[in-house]
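1. Fold the following for me, if possible:
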Amino acid sequence: MNSHSMSDPAIAPDARVVAAIARLTGIHAATICPMTPDFRMDEQALADHVAAVAGHDGIEGLLINGHAGENFLLTREEKRRVVAICREVLGPGVFLTSGVNAESSLDAALHAGDAEEAGADAILLFPPNAWGLFRDRDSALLHHRHAMAGCGLPFLLYQAPVGAGSMPYDPATLAGLVALPRVCGIKEGSWEVATYDANRRLAKGLRPGRRASADELSDRLRGQPGQPRGGDAGAAGGALARGAGRRLGAGPALARRDLSARLRGLSRGAGRARHHPPQGLPEDPRAARLRCRAPALRAAAALEKALGHVEKAGAAR
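-> Presented below is the predicted three-dimensional model:
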């Protein structure tokens, strides 16, 4: 460790953090850990499994030793062995994020060091289960600092579901964690759209130079970057009207096909939200479902309006 405090937000992220951010693109799949009938780790089945998952198009990395990977049930040596097997099978081209899930901060540091030695590229630090009952900002920061002291790898934060008691990070705690220079990303598991967007905006405000894939997707749906959620319909309608005007230059039929396809996609998204609301939503389920559907429905309404303008313009020609 250098002479500076690792928690000093003025220290720029080192080259490993910058490199990790550049590689956190595409799909990073969470893998399982196959077990034998007597509850030992099945190493050959694990090797076959991760090779098969990583071989799919679009897979840029894997999350190993996560919840699906039996992290809390494996021994320290087994978790280290999972990382080693995955690196041996996959080589350096697949980004490996290893989960660290320990009630003890000192154990978390040991497991993070094991993962680094075995070949992991980054650590996803899970919040201890005890935090479901109580957690304050200082304890969260201290836990992460202890874990970071055990290795030199970049860290991803784990944002727990909104219904998991004190486990999810409130804005003040999240801001403190995002400011840690070793943090390269967030595994966002809030399971609630408004909270996800609020967390995304907070993180981007503190670390504006980081990759903006989530921002770009969200802003494309709204049609105008940087606008608050309350302006979805107006921003989307204005952008779609401008886009429709540009596409009319290439012919009404092309503009009509483009807008119709986008409308169908949004309608499917709204339907999925209606029938499959995210887990852990608070409040009345009907109100929660309506809140989840609202952004897609507002954008769909704007698309329908833009499509009507295209139809009229095409008829006028």
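2. buried sites along stretch 45-57?
-> 46, 47, 49, 50, 53, 54 (16 or more other Cβ atoms under 10 Å). Heads up, the C-betas are built off the backbone N, CA and C, glycines and all.
3. which other residues reach that stretch?
-> 29, 31-34, 59, 62, 64, 82, 85-86, 88-90, 94 (Cβ atoms under 8 Å, 6 or more residues apart in numbering).
4. just these now: which is nearest residue 202?
-> Residue 202 has its nearest neighbour among the contacts of stretch 45-57 in residue 29, at 26.6 Å by Cβ to Cβ.
5. Can you show me the CA trace of stretch 111-118 as PDB?
-> Output of stretch 111-118 as PDB, limited to C-alpha atoms (Å, rounded to 0.1, in the frame of the first residue of the first chain):
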ATOM      1  CA  HIS A 111     -10.800 -13.800   0.400                       C
ATOM      2  CA  ALA A 112     -10.200 -10.800  -1.800                       C
ATOM      3  CA  GLY A 113      -6.400 -11.500  -1.600                       C
ATOM      4  CA  ASP A 114      -7.100 -15.200  -2.500                       C
ATOM      5  CA  ALA A 115      -9.100 -14.200  -5.500                       C
ATOM      6  CA  GLU A 116      -6.400 -11.900  -6.800                       C
ATOM      7  CA  GLU A 117      -3.700 -14.500  -6.400                       C
ATOM      8  CA  ALA A 118      -5.900 -17.000  -8.300                       C
END
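6. So for it, mean pLDDT?
-> Stretch 111-118 shows a mean pLDDT of 97.
7. What are the buried residues along it?
-> With the criterion 16+ other Cβ under 10 Å, stretch 111-118 contains buried residues 111, 112, 113, 114, 115, 116, 118.
8. since we're on the spatially closest residue to the last one that is not a sequence neighbour, how many residues are nearby?
-> Here the nearest residue to residue 118 in space, its sequence neighbours aside, is residue 83; by Cβ to Cβ, 6 or more residues apart in numbering that works out to 3.7 Å. Around residue 83 sit 21 other residues, with neighbours defined as other Cβ atoms under 10 Å.
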